[in-house]
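Chemist: Prediction below, plus the sequence it came from.
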Amino acid sequence: MAISRGRRFFWIGVGLVLVASFTAAVLGGLAYFVQQQGLGSSANKSDSNAHVLSLSLDGAFDENPAPTFRSAFSGSTTPSFPAIIRAIDRAANEPNLKTVFVRIGATDLGWARAREVRDALLRVRSKGKKVIAFLEDSGNMEYYIASCADEVVALPEAILQIHGLSAEVMFLKGAFDKFGVEAQFVAMGKYKNAPNQYTERKFTAAHREQMESLVGGLYEEYITAVAKSRKKTDGEIEAMISAGPYDGASALDAGLVDKLEYPEEALEAAGETHRHLGDFRDKGGAFDTRPKVALIFVDGEIMPGESQEGGLGSSAVAGSDTVAEALRNAAADESIKAVVLRVNSPGGSGSASDVIAREVENTVAEKPVIVSMGDYAASGGYYVSAPASAIVADPTTITGSIGVFFGKFVLKGMFDKLGITNDYVDFGKGGSFASASRRWTLEDQAKVEGLASRFYDRFLSLVAENRHMDVEAVHEIAQGRVWMGAEAKKVGLVDEIGGFDKALAVAKDKAKIAASQDVAVVIFPAPKSAFDRFFEETSGWDDMTVRANMSPEALALSFRERVVKQSMTVWARLPYGLDIR
C-alpha cells in the first residue's frame with residue numbers, strides 16, 4: 001500500500017510538471033506571437049499620426065550575434081547585420097512613417113558596412129521620408145554615415161574627431177630582436193605582407209604602395225560622399241576635414257552640422273509617435289509561404305572545426321566544418337531556392353578555406369550561391385567566394401589578397417636569455433621541422449617554399465576557373481594585392497557593386513523569383529537556443545578558470561604548442577591589425 005501511494009505521488013508530481021511546462025509553452029508561444037505581430041509596439045498602426053523611427057547605431061554590430069541566456073527571458077534578441085538592413089528597408093515602405101531619427105555613437109563597423117547603413121538611409125530618403133542624424137562623440141566613420149541625412153544635429157558639447165584618415169601598422173621585429181625571437185616566413189606574392197609586421201621594421205616599398213592605394217581610395221570615397229550629401233564641393237569638404245577635430249559649436253560654424261541640441265529635444269521635435277526597428281523585422285513564421293533564400297555566414301577568421309562567436313576580447317571564427325555542413329544542408333533542402341553566403345572575413349587557414357570552397361562549388365551545382373561581401377573578404381575570404389555563382393561587394397570592401405604565407409617563430413634566442421635549454425631525440429629526417437627552438441635548414445626552407453608555391457598555384461587556378469580568366473591574368477592582379485570593391489570589379493574579381501540588399505536581389509534573379517516578390521531569409525545553421533548558449537558559456541568560464549590556475553610550466557607549454565601549431569599550416573590571410581580611421 002505504501003508503494004502504491006508513493007507511485008501515486010510520483011505520477012501526480014510528473015503530471016504537475018507536465019501541466020506547468022505546457023502552460024509555460026502556451027504562454028511563451030502567445031507572447032512570441034504578440035511580439036512577432038508587433039502588437040507590443042508603442043505605436044498603433046492604424047493611427048494617422050506621423051510616425052518616427054528611433055534608431056540607435058552604437059557599439060558592436062555582429063554579423064550574426066548569438067542569443068544569450070538572458071534573452072530567453074527578456075524576449076528580445078539582437079538582430080543580425082543583414083536583418084538590420086532589411087528592417088530599415090521595410091521602414092522605408094511604411095506609409096505612416098515620416099521620419100527616421102538616427103542616434104550615432106562609436107561603432108565597430110568597417111567602411112563597407114558603414115556604407116551599407118548609409119545607403120539604406122539614403123533609400124529611406126528616396127521614399128520621401130526625412131532622415132535626422134544625431135551625433136555625440138563621433139569620428140570619421142560616424143560622420144560619414146550621418147552626412148547622408150537631411151539634417152545633422154550634434155550635442156552642444158560633442159567632440160567630433162573629424163580629420164584626415166590614417167592607417168597605422170605596428171612592426172614587432174625590433175622587439176623580437178631584443179627578446180631573441182626570430183620570425184621565419186615565406187610569402188607568395190610581393191604584396192602578401194601579412195608577415196611583415198614580424199619580419200620588418202617599417203613598410204617595404206610594395207607594402208607602402210598597397211597601403212597608400214587603400215587609404216587613398218577610402219579617403220576619396222569619404223570626401224566625395226560627404227560633399228554630395230552636404231551639397232559642397234570636394235575641395236570645401238576636404239578643407240573642413242583637414243581643419244578638424246571639432247566641438248559642437250565649431251562644427252556648426254564650419255557647416256558640418258545643421259543644429260545643436262540635446263537628444264531628447266531633437267527626438268521630441270522629430271515627432272510624437274515613436275517606433276523602433278523591431279517593429280519592422282521579418283515576421284515570418286511556421287505558415288510562411290514566401291520563397292526561401294538561405295543565409296550562411298563566413299564571419300571572422302577561417303579555421304578548421306566549428307564556428308565560434310567572438311567575445312571576451314576574442315574574434316569570431318568561421319569554422320570550416322560548420323560552414324560546409326550549412327552549405328550541404330541548404331543544397332539538400334528543396335524549399336531553399338538560392339543561397340546568400342555572407343563573407344566578412346580576413347581569411348585564415350588555407351586548408352579550412354579549401355574545405356568551404358569545395359562545398360560552395362558543390363552547392364552551385366544545385367542552386368545559385370551569391371556572395372555578399374562585408375567589410376572584408378580577402379585572401380581566404382576571397383578563396384571561399386571565388387566559386388560562387390556571383391560575387392557582390394561594396395565599393396569599399398577590402399578584398400582580393402590572393403596569396404599565401406607559411407612560417408613559424410623560432411624562440412631559441414629567447415630561451416637562451418631566460419636560461420631555458422632543450423635537448424632532442426629525433427627519429428627520421430626532418431623531425432625538428434616544427435620545433436620552436438630550431439631554425440629551418442636550407443633544405444627545410446626549400447620545402448616550405450614548395451608547399452606555399454603549390455597552394456598559391458591552387459589559389460590561382462581556383463580563381464581562374466571560376467572567374468573565367470587565364471591563370472597568368474589572375475597572377476597579374478594577385479600576388480597578395482588587396483583591392484577595394486570598386487577596383488576589384490574593374491579587374492574582374494567582383495560581379496556587382498552593392499550591399500546585402502543587392503546580393504539578395506541577385507539571388508532572386510538567379511533563382512527566377514520576381515524582383516517584387518518578398519522572400520523569407522533563413523539562416524543556416526539554425527541559431528542555437530539561448531539555453532544551449534548558456535551551457536556553452538558556462539563551460540567556457542570553467543575552461544578559463546582552469547587556464548587561470550595553470551602553473552607557469554603549463555602556461556609555457558601551452559604557449560609553445562600554439563607556436564608549433566602556427567607553423568603547421570599554410571595561411572591565406574590579410575595583414576594583422578588593419579584598421580583605418
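Modeler: Okay, I see it. Residues are numbered from 1 along each chain as shown.
Chemist: In a helix, residue 453, correct?
Modeler: Yes - membership of residue 453 in a helix is supported by DSSP: H, G, I helix; E, B strand; the rest coil.
Chemist: dump the residue contacts of residue 245.
Modeler: Residue 245 makes contact with 159, 160, 161, 162, 163, according to CB atoms under 8 Å, 6 or more residues apart in numbering. Glycine gets a C-beta too; all of them are placed from N, C-alpha and C.
Chemist: For the residues you listed, I'd like a selection string for PyMOL - just the buried members, please.
Modeler: Burial among those is assessed by 16 or more other CB atoms under 10 Å; the matching PyMOL selection reads:
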select buried, resi 159+160+162+163
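Chemist: Can you tell me what sits against the host helix or strand of residue 133?
Modeler: Per DSSP states H and E, residue 133 falls inside strand 130-135. Residues from elsewhere that reach strand 130-135 (CB under 8 Å, 6+ apart): 98-104, 121, 124-125, 142-143, 145-155, 158, 160, 257, 261, 263, 266-267, 270.
Chemist: same check, this time on stretch 416-427
Modeler: 179, 180, 412, 415, 431, 432, 435, 437, 438.
Chemist: Tell me where the model's unsure across the stretch 451-581 of the chain.
Modeler: For the stretch 451-581 of the chain, the stretches with pLDDT under 70 are 528-579, 581.
Chemist: just the helices in the stretch 51-200 of the chain please.
Modeler: 71-74, 81-92, 111-126, 140-146, 173-179, 196-199 (DSSP state H, counting those that start in this stretch).
Chemist: Could you export those as CSV, including mean neighbour count and mean pLDDT?
Modeler: Output for the helices of the stretch 51-200 of the chain, formatted as CSV (neighbours: other CB atoms under 10 Å; pLDDT from 0 to 100):
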stretch, mean neighbour count, mean pLDDT
helix 71-74, 12, 46
helix 81-92, 21, 95
helix 111-126, 22, 97
helix 140-146, 25, 96
helix 173-179, 13, 95
helix 196-199, 20, 93
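Chemist: Not counting sequence-adjacent ones, nearest residue to the residue most central in space within the chain?
Modeler: In the chain, the centroid-proximal residue (CA atoms, centre = their mean) is residue 344; its distance is 3.9 Å. Using CB to CB, 6 or more residues apart in numbering and skipping the chain neighbours, the partner closest in space to residue 344 is residue 374 (3.2 Å).
Chemist: what sits against the one you found?
Modeler: For residue 374, the contact set (CB under 8 Å, 6+ apart) comprises 63, 81, 110, 112, 113, 299, 342, 343, 344, 394, 397.
Chemist: what pairs with residue 342 across the strands?
Modeler: residue 297, residue 372 (DSSP bridges).
Chemist: What of residue 404?
Modeler: Note on residue 404: beta-bridge partners residue 188, judged by DSSP bridges.
Chemist: Show the contacting residues for the residue lying closest to residue 438 once chain neighbours are set aside.
Modeler: Nearest non-adjacent residue to residue 438, counting by CB to CB, 6+ apart: residue 432, 4.6 Å away. By CB under 8 Å, 6+ apart, the contact set of residue 432 is 424, 426, 438.
Chemist: closest to residue 327 among the residues you listed?
Modeler: Using CB to CB, residue 438 comes nearest to residue 327 of the contacts of residue 432, at 40.7 Å.
Chemist: So which of the helices of the stretch 51-200 of the chain is nearest residue 461?
Modeler: Of these, the one closest to residue 461 (CB to CB) turns out to be helix 196-199, at 26.3 Å.
Chemist: can you list contacts of the closest one?
Modeler: Contacts for helix 196-199 (CB under 8 Å, 6+ apart): 169-173, 176, 183, 185, 203-204, 207, 407, 409, 575-577.
Chemist: Now rank those by neighbours and give me the top one.
Modeler: Ranked by neighbour count (other CB atoms under 10 Å), these have residue 575 at the top, with 23 neighbours.
Chemist: and the contacts of helix 196-199, which two are the farthest apart?
Modeler: Using CB to CB, the pair of the contacts of helix 196-199 lying farthest apart is 203 and 409, separated by 21.5 Å.
Chemist: which residues of the stretch 1-150 of the chain score low on pLDDT?
Modeler: Filtered on pLDDT under 70, the stretch 1-150 of the chain yields the residue ranges 1-49, 66-77.
Chemist: same thing but at 80, please
Modeler: Along the stretch 1-150 of the chain, the model assigns pLDDT under 80 to residues 1-50, 65-78.
Chemist: for the stretch 251-400 of the chain, same thing?
Modeler: Ranges of the stretch 251-400 of the chain meeting pLDDT under 80: 283-286, 309-315.
Chemist: what ranges do the helices span in it?
Modeler: 263-270, 320-332, 350-364, 380-385.
Chemist: got the CA coordinates for the second one in CSV?
Modeler: Meaning helix 320-332. What follows is helix 320-332 as a C-alpha-only set of coordinates in CSV (Å, rounded to 0.1, in the frame of the first residue of the first chain):
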residue,chain,number,x,y,z
SER,A,320,35.1,25.0,-41.9
ASP,A,321,33.0,22.1,-40.5
THR,A,322,30.1,24.4,-39.6
VAL,A,323,30.0,26.4,-42.9
ALA,A,324,30.5,23.3,-45.0
GLU,A,325,27.6,21.5,-43.3
ALA,A,326,25.4,24.5,-43.6
LEU,A,327,26.1,24.6,-47.4
ARG,A,328,25.3,20.9,-47.7
ASN,A,329,22.1,21.2,-45.8
ALA,A,330,21.0,24.3,-47.9
ALA,A,331,21.8,22.4,-51.1
ALA,A,332,19.7,19.4,-50.0
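Chemist: what helices or strands is that helix leaning on?
Modeler: Judged by 3 or more CB pairs under 8 Å, 6 or more residues apart in numbering; DSSP states H and E, helix 320-332 is in contact with strand 292-299, strand 336-345, helix 350-364, strand 520-524.
Chemist: Can you list the buried residues in that helix?
Modeler: 320, 322, 323, 324, 325, 326, 327, 329, 330, 331.
Chemist: Which residues does stretch 354-361 contact?
Modeler: 298, 302, 304, 318, 320-321, 323-324, 327-328, 341, 369, 383-388, 458, 462, 466.
Chemist: Strands along the stretch 101-250 of the chain, start to end?
Modeler: Secondary structure of the stretch 101-250 of the chain by DSSP state E, counting those that start in this stretch: the strands cover 130-135, 138-139, 151-154, 159-161, 182-188, 246-247.
Chemist: gap between the second one and the chain center?
Modeler: Right, the one you point to is strand 138-139. Remark: strand 138-139 is offset 21 Å from the chain centroid, using CA atoms, centre = their mean, to the nearest Å.
Chemist: ok, how many other residues are close to residue 359?
Modeler: Counted with other CB under 10 Å, the neighbours of residue 359 add up to 22.
Chemist: So residue 375 versus residue 344, what's the distance?
Modeler: Distance, residue 375 to residue 344, by CB to CB, to the nearest Å: 6 Å.
Chemist: just to revisit the earlier point, can you turn the buried part of the contacts of stretch 416-427 into a ChimeraX selection?
Modeler: To isolate the buried subset of the contacts of stretch 416-427 in ChimeraX, counting by 16+ other CB under 10 Å, use the following:
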select :412,415,435,437,438
